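Asks: Show me the folded form of this:
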Amino acid sequence: MLEFLKVILLGIVEGITEWLPISSTGHMILVEQFVKLNVTDEFLEMFRVVIQLGAILAVVVLYFPKLWPFCSPRDGWIKKDTWILWFKVLVAALPAAIIGLPFDDLLDKLFYNYQTVAVTLILYGVLFIVVENYNKNRRPRTRKLEALPWSTALLIGVFQVLALIPGTSR
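Replies: Reported below is the predicted structural model:
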């Protein structure tokens, strides 16, 4: 029964942090230091993945009409802008895939601990405040996803590599 309550607490932490501009995985790792589940490391790793699927599924369901590139025959068969968006997402995912896939085990061993998460949450929190203050009176260069240049999609992907370290996913 106690393990069930721990899982509910972790689910609440995940549910709250997934929608905020903070690292849900990082916060899960921190909470796990205080609320230890009596499970194997393999189970805990799978638990972290599965518990995030709910939030991912919610986003997919909410934005499905915008994400689905096929539409009804009366509207036309294919939404070209949606396909371009998907290709830009793929371009943005390339840098993290190039680094993350071959070095996954090493990254886990080095960075999936509460010390790294605590430092990165503080460091990136301060950096976010600095960047927000710097950009406070600036206008965005791109206001619509369709207008996002391919080079910017790639640059977003380069910065997304930082998200391979827990505590930095935003």
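Asks: buried residues in the helix or strand bottoming out on mean pLDDT in the chain?
Replies: Least confident helix or strand, the chain: helix 41-67 with a mean of 85, by mean pLDDT, DSSP states H and E. Across helix 41-67, burial judged by 16 or more other CB atoms under 10 Å covers 47-48, 51. Backbone N, C-alpha and C define where each C-beta goes, glycine included.
Asks: from those, which single one is nearest Thr40?
Replies: Lowest distance from Thr40 to the buried residues of helix 41-67 (CB to CB) belongs to Phe47, with 10.1 Å.
Asks: what about the closest one, distance to Val91?
Replies: Note on Phe47: its distance to Val91, by CB to CB, to the nearest Å, is 31 Å.
Asks: Ok, Glu32 next?
Replies: To Val91, Glu32 is 34 Å away according to CB to CB.
Asks: cool, Gly15 as well?
Replies: Distance of Gly15 to Val91, computed by CB to CB: 31 Å.
Asks: got it, and Asn135?
Replies: The spacing between Asn135 and Val91, counted by CB to CB, is 24 Å.
Asks: Likewise for Gln160?
Replies: 11 Å.
Asks: Next: Ala147.
Replies: Distance of Ala147 to Val91, given as CB to CB: 15 Å.
Asks: one step back: now do the least confident helix or strand of the chain: distance to the chain's middle.
Replies: How far helix 41-67 lies from its chain's middle: 10 Å, per CA atoms, centre = their mean, to the nearest Å.
Asks: got it, and stretch 130-145?
Replies: With CA atoms, centre = their mean, you get 21 Å for stretch 130-145.
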